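Asker: Below are the sequence and a predicted model; questions follow.
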Amino acid sequence: MNTRKKGDFAAQKEEVEDFCKYRFQIVEIFHDHRANATPPEKRKGFAAMLEYCSANNCPDIIIYDLAGLARDLDAGLAALKTLNEQYTVYCVNNDFFGSRDDPEQRRAAIGNFIEYMEQYRESARKAAPAVSKKTKKDNGRPIGRPRALNEGQVEALLTVRQAGTSISQICRMFDVSRSTVSKILADYPELKGEWKGARKEPEE
């Protein structure tokens, strides 16, 4: 679990225990506090979890949600890929992979999701628009409004939002404004939520 507020750990622990009831036996709980900006492999709790699971032949790893793995999308995907290669991963919140009763199919579904996201990230990098020739003299930044997200980027944005990624994280991942994300989510009311930026905003 990765928490930001003092009361989050107790709340998340209760949700994890409820999720595992009648299905999994919890043998150890690992926790990082306010560390989602740090790559998972450099976090004490995450590293301790991998060491423990390897030493004790644990088949399953249960995380609170995908968004808690890392703030950076690439780091989060890399961590999920590492976990999926050795364990069956389950999410307490916003689990859209399915096949909860079939570990092989579940790992295949997670693998397909990772492959899709990696292909999207690579194609997005290759399709990045060229910098405009009209640039500011002082810092070289292009003049004018940036291009809107293409269809592939919108699809990826919706996917990570469905996985539980906050709107503030999405803005950083795709380098877009809150208004851009709000316009995209306007047709998907089930994906709207509270803005978790620096200031408090009404629900979208």
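Answerer: Arrived safely. Residues are numbered from 1 along each chain as shown.

Asker: from here on, contacts and neighbour counts on C-alpha atoms
Answerer: Will do.

Asker: In contact with the residue nearest to the spatial centre of the chain, which residues are there?
Answerer: Centrality entry for the chain: nearest residue to the mean C-alpha point is residue 67, 3.1 Å, by CA atoms, centre = their mean. For residue 67, the contact set (CA atoms under 8 Å, 6 or more residues apart in numbering) comprises 76, 163-166.

Asker: can you tell me which of those residues are in helices?
Answerer: Among those, the members falling in helices (DSSP state H) are residue 76.

Asker: any idea how far residue 1 is from the residue nearest to the centre of the chain?
Answerer: 11 Å (CA to CA, to the nearest Å).

Asker: Can you point out the buried residues in the longest helix belonging to the chain?
Answerer: Assignment by DSSP H gives helix 103-126 as the longest helix of the chain. Across helix 103-126, burial judged by 16 or more other CA atoms under 10 Å covers 103, 106-111, 113-114, 117, 120-121.

Asker: of all those residues, which two lie farthest apart?
Answerer: Farthest-apart pair in the buried residues of helix 103-126 is 103 and 121; separation 26.8 Å (CA to CA).

Asker: unless I'm mixing things up, residue 177 is touching residue 170, no?
Answerer: No. Assessed by CA atoms under 8 Å, residue 177 is found out of contact with residue 170, at 9.3 Å.

Asker: And those two? Which one has more around it.
Answerer: residue 170 (21 against 13; other CA atoms under 10 Å).

Asker: Return the residues in contact with that one.
Answerer: Here residue 170 is in contact with 157, 160-161, 181 (criterion: CA under 8 Å, 6+ apart).

Asker: looking at the residues you listed, which has the most residues close by?
Answerer: That'd be residue 157 among those, by other CA under 10 Å, with 22 neighbours.

Asker: Need the pLDDT of it.
Answerer: For residue 157, the pLDDT comes out at 82.

Asker: so when I look at it, I'm seeing a strand, right?
Answerer: No. Assessed with DSSP: H, G, I helix; E, B strand; the rest coil, residue 157 is helix; it does not lie in a strand.

Asker: Find the residue closest to it in space, skipping its chain neighbours.
Answerer: Nearest residue to residue 157, sequence neighbours excluded (CA to CA, 6 or more residues apart in numbering): residue 170, at 7.1 Å.

Asker: Distance of the one you found relative to residue 12?
Answerer: Taken as CA to CA, the span from residue 170 to residue 12 is 22 Å.

Asker: before we move on, what about residue 82?
Answerer: From residue 82 to residue 12 the distance is 23 Å (CA to CA).

Asker: Likewise for residue 81?
Answerer: 23 Å.

Asker: again with residue 89
Answerer: For residue 89 relative to residue 12 (CA to CA), the value is 17 Å.
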